[in-house]
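Engineer: Sharing a model that was predicted from the sequence below.
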Amino acid sequence: MSSKTEYYDVIRKPIVTEKATMASEAGAVVFEVSMDSNKPLIKEAVEALFNVKVKAVNTTVVKGKTKRFKGQLGRRKNTKKAYVMLEEGNTIDVSTGL
């Protein structure tokens, strides 16, 4: 992969939650990524898009919840999160946007 548009297909959006903010204090940034992406691909995409050095990538699959909408049962999509640990001295400010 070399095109920036392909990297944006891998990294969908940054996740800004209380848990993600606590992880950022430890030097990690949390992104929602595509379900078919793997750790080396996520590392390559983050390094290319943000010009930082990545130390490690941890991923987790969040199962979609069953919810009711107007009395009908529905199901949210499964999502994949990537916890990207950065090398010392590297930072990504997710509040500014991509």
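Structural biologist: Thanks, I have the structure now.
Engineer: On the pLDDT front, check the spatially most central residue of the chain for me.
Structural biologist: Nearest to the mean C-alpha position of the chain, counting by C-alpha atoms, centre = their mean, stands residue 31 at 1.5 Å. Predicted confidence (pLDDT) for residue 31: 94.
Engineer: Show me how far the longest helix seen in the chain is from its chain's centre.
Structural biologist: The longest helix of the chain (DSSP state H) is helix 39-50. Centroid separation between helix 39-50 and its chain, computed with C-alpha atoms, centre = their mean, to the nearest Å, is 10 Å.
Engineer: for stretch 36-51, same thing?
Structural biologist: With C-alpha atoms, centre = their mean, you get 10 Å for stretch 36-51.
Engineer: I'd like the average pLDDT over it.
Structural biologist: The model assigns stretch 36-51 a mean pLDDT of 92.
Engineer: Show me what that stretch is in contact with.
Structural biologist: 1, 4, 7-8, 10-11, 29, 31, 33, 52-54, 57, 59, 80, 82, 84, 92, 98 (C-beta atoms under 8 Å, 6 or more residues apart in numbering). Where you see a C-beta, it was placed from the backbone N, CA and C, and this is true even at glycine.
Engineer: Any buried residues in the longest helix of the chain, and which?
Structural biologist: Burial within helix 39-50, assessed by neighbour count using 16 or more other C-beta atoms under 10 Å, is assigned to 41, 42, 43, 44, 45, 46, 47, 48, 50.
Engineer: Show the subsequent helix or strand relative to that helix.
Structural biologist: Beyond helix 39-50 on the C-terminal side, the first helix or strand identified by DSSP states H and E is strand 54-62.
Engineer: who does whatever helix or strand comes next after that next one pair up with?
Structural biologist: Using DSSP H and E, the helix or strand that follows strand 54-62 in sequence is strand 66-69. Under the criterion DSSP bridges, strand 66-69 sits next to strand 72-75 (antiparallel) in its sheet.
Engineer: which secondary structure elements does the next helix or strand after the partner strand contact?
Structural biologist: Per DSSP H and E, strand 72-75 leads on to strand 79-86 as the next helix or strand towards the C-terminus. Other helices and strands packing on strand 79-86, by 3 or more C-beta pairs under 8 Å, 6 or more residues apart in numbering; DSSP states H and E, are strand 28-33, helix 39-50, strand 54-62.
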